[in-house]
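> give me coordinates for this.
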Amino acid sequence: MGLTDTLSAQFDVDEHGSDVRTELVAGLTTFLAMSYIIVVNPAILSAAIQIEGYGQGEVFQMIAIATILSAAIGTAVMALYANRPFGLAPGLGLNAFFAFTVVLGLGIPWQTALAAVFVEGVLFMLLTAVGAREYVIQLFPEPVKRSVGAGIGLFLLFIGLQELQIVVPDDATLVTLGGVFANPWAILGLLGLVFTFALWARGITGSIVIGILTTAVAGWGLTLAGVFQRGVITPETLPSAQYDITPLAGAFVDGLGQIEPTTFVLVVFTFFFVDFFDTAGTLIGVSQFGDFLDEDGDLPDMDKPLMADAVGTTAGAVLGTSTVTTYIESSTGVEEGGRTGLTALVVALLFVASLAVIPVVAAIPEYASFIALIVVGVMMLQGLVEVDWSNPAWAVSAGLTVTVMPFAYSIADGLAAGIIAYPLIKLAIGEYDDVALGQYVIAALLVVYYVLQTRGVIL
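Just a heads-up that it's a prediction; the model follows:
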C-alpha cells in the first residue's frame with residue numbers, strides 16, 4: 001500500500017467523496033487564506049507583551065512562533081481526532097481583546113491574561129467532554145450570539161483604521177479623519193488596503209497575504225531606493241533571528257499567581273463566550289459549504305471539532321498566545337473540495353514549514369500587517385443580516401452589542417451591554433417568559449459588576 005492509499009484509508013477520503021490530490025490542494029488553499037495571522041497576531045499582541053531584556057522585534061518573532069505552533073497543534077487535532085477539513089489559529093478579535101482591553105485597558109499583566117486563556121481552554125475542554133454545549137448555548141440571548149461577530153468586525157475595523165493612521169485622536173470629537181495624504185505611512189497602508197480589497201473582490205486565493213506582502217515590498221522598495229529613510233515606512237533596525245521562546249512559553253504559570261478574582265472571572269467569561277460561539281458559528285457556516293450538516297442543520301459529532309479548538313486554545317496559552325479558534329477561511333479549502341482531516345493535516349504541516357520564514361516576519365511594517373484587520377472586519381459585518389431588526393428585544397440587544405464594542409474599545413463591554421439589554425426589553429414588552437432563569441442571573445451579575453467597576457471599587 002502506497003502513501004496515497006494509506007492517507008486515503010486513514011482519513012476515509014473515498015467515503016467522503018474526495019481524493020488525496022483534492023485534499024492536498026484544499027489544504028494549501030486554506031493555509032494561504034489564513035496564513036496572514038502569522039504576521040497579524042504578533043503585530044497585535046506585541047503591543048501588550050513586553051519581555052525584559054528583549055526588543056519588540058524579538059518579542060514579535062517569539063509570538064509569531066507561538067502563533068504557528070498553536071495553529072499547527074490545534075489543526076492537527078482537528079485532522080487526526082475530528083477528521084474535519086478546518087484550520088485553526090489564534091483568532092482575530094480575541095487577540096485584540098487580549099491586548100487592547102485586558103492588558104492595556106484594564107492594566108492586567110500579560111502573564112495573567114495568558115492564564116485566563118489557559119483557564120478558558122481547560123473549561124472549554126471539560127464542558128465539551130461532558131457534552132454540555134447545548135446547555136451553555138441556551139444561557140446566552142440569541143441576538144447577542146447572532147451579532148457578536150459583526151461587533152468584533154466593527155472593533156477590528158476601528159483598530160485597523162487607527163493603526164493605519166487614517167483615523168486619529170481629536171480633542172473635540174474624540175476621533176477624526178487623519179491627514180492621510182500628508183502621511184507616507186497612511187498612504188501606503190491605504191493603497192495596500194485598496195489593492196487587497198480588489199484581490200478579495202475578485203476571489204483571489206490568499207488575497208490578504210498577497211496584499212500584506214505586496215505592501216511590505218513596496219515600503220522596502222521605496223526605502224532602499226532612497227525615497228524615505230529607514231524608520232519612516234520600514235523598521236529602523238531588524239532583530240536577529242529569535243527562535244528561543246522560553247521567555248514567553250509557560251509565562252501563564254506566573255500569571256496564575258497575580259489574579260484579582262472578580263476581574264479575572266469576567267475576562268475568562270468573555271474569552272470563553274466569544275471563542276465558544278465564534279467556533280460554533282464558524283463550524284456551522286463552513287459545514288454548509290461542504291454539505292456536512294444533517295437534516296436538522298446540525299454538524300454530526302460537533303463535540304470533536306470543538307475539542308480540537310479547546311486543545312488548541314490551551315496549548316496556545318502555554319506557548320504564549322491568545323485564544324485559538326476555527327477559521328472561517330477554512331471555507332476556501334472546502335470550496336476546493338476538501339472534505340476530510342487530510343485537508344487540515346496539510347494546513348498544520350504548512351504552518352510548521354512556515355517556521356523557516358520567522359526572520360522575515362519581523363521586517364513587515366505594521367501598516368502592512370493591519371490591512372488584514374480592516375479586510376476581515378468588513379467580512380465579519382455580514383453577520384448583521386442574521387439579526388431580526390423588527391423585534392425590539394433583538395434590535396436593542398444586538399445593536400448595543402455591535403456598537404458598544406468599538407465605542408468602549410472592549411469586546412467584553414459590548415457583550416455585557418447586549419446580555420443586560422435583552423431581558424430588560426423582554427420585561428418591558430411583557431415577554432418575560434421567553435427569558436431563561438440563567439439569562440436573568442447572568443444579566444444581574446453583570447449589572448452588579450459594572451456598578452462596582454465604574455465606581456472604581458474593582459478593576
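> can you tell me how far residue 201 sits from residue 207?
Distance, residue 201 to residue 207, by Cβ to Cβ, to the nearest Å: 9 Å. No exception for glycine: its C-beta is placed from N, CA and C like everyone else's.
> compare the two (neighbour count), which wins?
residue 207 (21 against 9; other Cβ atoms under 10 Å).
> just give the closest residue to that one, not the sequence neighbours.
Using Cβ to Cβ, 6 or more residues apart in numbering and skipping the chain neighbours, the partner closest in space to residue 207 is residue 199 (3.6 Å).
> looks like that neighbour contacts residue 211 (just checking).
Yes: counting by Cβ atoms under 8 Å, residue 199 does reach residue 211; the two are 6.1 Å apart.
> which of the two has more residues huddled nearby?
Neighbours per residue (other Cβ under 10 Å) separate residue 199 from residue 211, with residue 211 holding more: 25 against 19.
> host element of the more buried one?
Assigned by DSSP states H and E, residue 211 falls within helix 207-224.
> need the residues that contact that helix.
By Cβ atoms under 8 Å, 6 or more residues apart in numbering, the residues outside helix 207-224 that reach it are 32-33, 35-36, 39-40, 188-189, 191-193, 195-196, 199-200, 204, 228-230, 232-234, 363-365, 367-369, 371-372, 375-376.
> try it again with 7 Å
Helix 207-224 is contacted by residues 32, 35-36, 39, 188, 192, 195-196, 199-200, 204, 228, 230, 233-234, 364-365, 368-369, 371-372, 375 when judged by Cβ atoms under 7 Å, 6 or more residues apart in numbering.
> could you do stretch 163-170 as well?
By Cβ under 7 Å, 6+ apart, stretch 163-170 touches 161, 175-178, 180, 183, 185-186, 189-190, 366-367, 370.
> could you redo the last one with a cut-off of 10 Å?
43-44, 47, 157-162, 175-180, 183, 185-190, 192-193, 366-371, 373-374 (Cβ atoms under 10 Å, 6 or more residues apart in numbering).
> just the buried residues of those.
Neighbour counting by 16 or more other Cβ atoms under 10 Å classes 43-44, 47, 157-162, 178, 180, 183, 185-190, 192-193, 366-371, 373-374 among the contacts of stretch 163-170 as buried.
> in helices, which of those fall?
Of the positions in the buried ones among the contacts of stretch 163-170, 43-44, 157-162, 185-190, 192-193, 366-369, 371, 373-374 sit in helices, assigned by DSSP state H.
> could you pull out the strands in the chain for me?
Taking DSSP state E as the criterion, the chain carries its strands at 88-90, 167-170, 174-177, 324-326.
> tell me which of these sits most buried.
When the strands of the chain are scored by mean count of other Cβ atoms under 10 Å, the highest mean neighbour count falls to strand 88-90 (a mean of 32).
> other SSEs contacting it?
helix 20-34, helix 37-45, helix 56-77, helix 303-319, strand 324-326, helix 341-353 (3 or more Cβ pairs under 10 Å, 6 or more residues apart in numbering; DSSP states H and E).
> for residue 106, which of those is the nearest?
Ranking the helices and strands packed on strand 88-90 by proximity to residue 106 (Cβ to Cβ) places helix 37-45 first, at 15.6 Å.
> how far does that closest one sit from its chain's centre?
10 Å (Cα atoms, centre = their mean, to the nearest Å).
> angle of that helix against helix 207-224?
70 degrees (axes from the mean of the first three to the mean of the last three Cα atoms, to 10 degrees).
> what's the angle from helix 37-45 to helix 303-319?
50 degrees.
> what average pLDDT does helix 37-45 get?
Mean pLDDT, helix 37-45: 95.
> what angle sits between that helix and helix 341-353?
60 degrees.
> send me helix 37-45 as CSV with only the CA atoms.
Provided in CSV are the C-alpha atoms of helix 37-45 (Å, rounded to 0.1, in the frame of the first residue of the first chain):
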residue,chain,number,x,y,z
ILE,A,37,-2.3,35.5,11.1
ILE,A,38,1.4,34.6,11.3
VAL,A,39,2.1,38.3,10.8
VAL,A,40,-1.0,40.0,12.2
ASN,A,41,-1.2,38.1,15.6
PRO,A,42,2.3,39.2,16.7
ALA,A,43,1.6,42.7,15.4
ILE,A,44,-1.3,42.9,17.8
LEU,A,45,0.0,41.0,20.8
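> if we can go back for a sec, overlap in contacts, residue 199 and residue 211.
By Cβ under 10 Å, 6+ apart, the residues touching both residue 199 and residue 211 are residue 375.
> nearest to residue 287, out of the helices and strands packed on strand 88-90?
helix 303-319 (9.2 Å).
> and the closest one, what does it pack onto?
helix 56-77, strand 88-90, helix 110-129, helix 252-255, helix 261-290, strand 324-326, helix 341-353.
> can you give me the buried ones in the helix holding residue 211?
Here helix 207-224 shows 207-216, 218-220, 222-223 as buried, counting by 16+ other Cβ under 10 Å.
> residue 405: which of the residues you listed is nearest?
For the buried residues of helix 207-224, the residue nearest residue 405 by Cβ to Cβ is residue 208; the value is 21.9 Å.
> just give the nearest non-adjacent residue to that closest one, would you?
Nearest to residue 208 is residue 36, by Cβ to Cβ, 6+ apart, at 4.4 Å.
> contacting residues around that neighbour?
By Cβ under 10 Å, 6+ apart, the neighbours of residue 36 are 89, 92, 196, 206-213, 329, 369, 371-373, 375-376.
> again, but for residue 337
Counted by Cβ under 10 Å, 6+ apart, residue 337 has contacts 16-19, 21-23, 25-26, 29, 85, 290, 343.
> what subset of the residues you listed is buried?
16, 18, 22, 23, 25, 26, 29, 85, 290, 343.
> farthest-separated two in the residues you listed?
Top of the distance list for these (Cβ to Cβ): 16 and 29, 17.0 Å.
> so residue 397 sits against residue 151, correct?
No: the criterion here is Cβ atoms under 10 Å, and residue 397 misses it with residue 151 at 11.2 Å.
> which non-adjacent residue is nearest residue 71?
In space, residue 71 is closest to residue 89, 3.7 Å off (Cβ to Cβ, 6+ apart).
> what's the pLDDT at the one you found?
Residue 89 is given a pLDDT of 97.
> how near is residue 450 to residue 314?
Taken as Cβ to Cβ, the span from residue 450 to residue 314 is 29 Å.
> for residue 226, same thing?
49 Å.
> comparing these two, which residue is more hemmed in?
Taking neighbours as other Cβ under 10 Å, residue 226 and residue 314 compare with residue 314 leading, 25 against 7.
> from residue 123, how far off is that one?
10 Å.
> before we move on, back to that, I'd say the residue nearest to residue 71 and residue 347 touch.
Yes: the pair residue 89 and residue 347 qualifies as a contact (Cβ under 10 Å) at a distance of 9.1 Å.
> now the common contact residues for the two.
With Cβ under 10 Å, 6+ apart as the test, residue 89 and residue 347 both reach 31, 34, 35, 71, 72, 75, 327, 329.
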